[in-house]
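Undergrad: Fold the following for me, if possible:
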Amino acid sequence: MATLKEHILELGVDAGLTSILLDLAQVEVEIYDSIRMRDMVKKGDTNATGDTQSALDVASEELIAKTLDANSHVCSHLSEECVDLKTCSATGTYFVSYDPYDGGSVGDADITVGSIFGIWSEPPVLGGAAGKNIICGAYTLWGPNLAFAFATHEHGAFWYEYDGSEYQLIGPLNFDMEGLHKGIFCPGDSPAMLASPAYEGLFKYAMEQKFRLRYTGCCMTDTHHVLHKKGMFWYPPGKKGGLRLMYEAVPLGFMVIAAGGTAIDHTGANLLDVPVNEWHQRSSLMFVSPGYEEEATLRFLEVGKGH
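TA: Model prediction:
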């Protein structure tokens, strides 16, 4: 069994990206340890973008920002908890977006939550495609075990678990191409089904595929579940407009695509091509494993009509 570092080197990942991934994986160990303090997940003030924060939001944001500031390969980074980009190394070339604590609304119930990262070869430009120049998506799972996953177009998607001293390779995330598991579906904003026959039709389609209903309220956890098995995760436009484009939709969508799946918004556009007009923009999304994308896409387009 290979460690995270050994496997990344074996894959031949670029040195700068390797440095960033190893640093992020390591700081997540420190964050994971802090979760054992119950007060860390209690709600408190609101952040600069209007979301309710816990102490864990603040602590994870500070630790990740400090880690990125210290990495000479990072030129700038942007957090879901902050308003603007932060510049750091003058010699760095990579841009990193991140959600330091995804799933904060369910973390106090001991649901698996974690962090999400998107890594670009250069910073995105407002008005341009959100996913232009993204080269890597990654996330950590804070659950029964601490897990780390990343994906690139060249290498696919992989995940690792921390054994107390090192992250050990578990294997690829490839929608269960071996056929070991039943498929699942994770329907975001399910109350919208009450007013949308199209949403109800999409729900029934997933049931007809013999997919099992699994939804946690943490998009990163649900995406990992789909990547590990197979199936669908979706979040319609709704009242909020969907999930955060730069911190959730694009990094996770990139990983789905790198693993061989489909990632679209409610218009059918590839999530990586959606224009980013503001850093905290929201987007609808659907992630689909291979073999179901055509019918699932048509049904999601019906859900999106009228928005």
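
Undergrad: middle-most residue in this structure, spatially?
TA: Leu252 (3.7 Å; Cα atoms, centre = their mean).

Undergrad: buried set for stretch 118-129?
TA: Gly118, Ile119, Trp120, Pro123, Pro124, Ala129 (16 or more other Cβ atoms under 10 Å). For every residue, glycine as well, the C-beta is placed using N, CA and C.

Undergrad: these two touch, right, the first one and Met246?
TA: Yes - between Gly118 and Met246 there is a contact at 6.8 Å, judged by Cβ atoms under 8 Å.

Undergrad: got any residues that touch both of the two?
TA: Applying Cβ atoms under 8 Å, 6 or more residues apart in numbering, one finds that Gly118 and Met246 are jointly contacted by Ser97.

Undergrad: Checking my notes, the residue nearest to the centre of the chain in a helix, right?
TA: Yes - according to DSSP: H, G, I helix; E, B strand; the rest coil, Leu252 belongs to a helix.

Undergrad: if I look at it, how far off is Thr152?
TA: For Leu252, the distance to Thr152 equals 14 Å [Cβ to Cβ, to the nearest Å].

Undergrad: cool, His181 as well?
TA: Taken as Cβ to Cβ, the span from His181 to Thr152 is 24 Å.

Undergrad: Break this protein into its domains for me.
TA: With domains defined by automatic domain parsing, the chain comprises 4-172, 184-304.

Undergrad: Of these, flag the one that's most buried.
TA: Highest mean neighbour count among the domains of the chain (mean count of other Cβ atoms under 10 Å): domain 184-304, with a mean of 20.

Undergrad: Can you check the pLDDT for the closest residue to Gly304 other than its chain neighbours?
TA: Closest residue to Gly304 apart from its sequence neighbours, by Cβ to Cβ, 6 or more residues apart in numbering: His266 at 2.7 Å. According to the predicted model, the pLDDT of His266 comes to 94.

Undergrad: Tell me the secondary structure at His266.
TA: Secondary structure, three-state DSSP: His266 is coil.

Undergrad: correct me, but it touches Pro237?
TA: Yes - counting by Cβ under 8 Å, His266 does reach Pro237; the two are 5.5 Å apart.

Undergrad: pretty sure Ile111 contacts Cys218?
TA: Yes - between Ile111 and Cys218 there is a contact under Cβ under 8 Å: 6.2 Å.

Undergrad: Overlap in contacts, these two.
TA: Common contacts of Ile111 and Cys218 (Cβ under 8 Å, 6+ apart): Gly103.

Undergrad: Low-confidence ranges, the stretch 201-307 of the chain, go.
TA: Low-confidence segments of the stretch 201-307 of the chain (pLDDT under 70): 306-307.

Undergrad: Enumerate every residue touching the residue nearest to Gly304.
TA: Here His266 is in contact with Pro236, Pro237, Ser284, Met286, Phe300, Leu301, Val303, Gly304, His307 (criterion: Cβ under 8 Å, 6+ apart).
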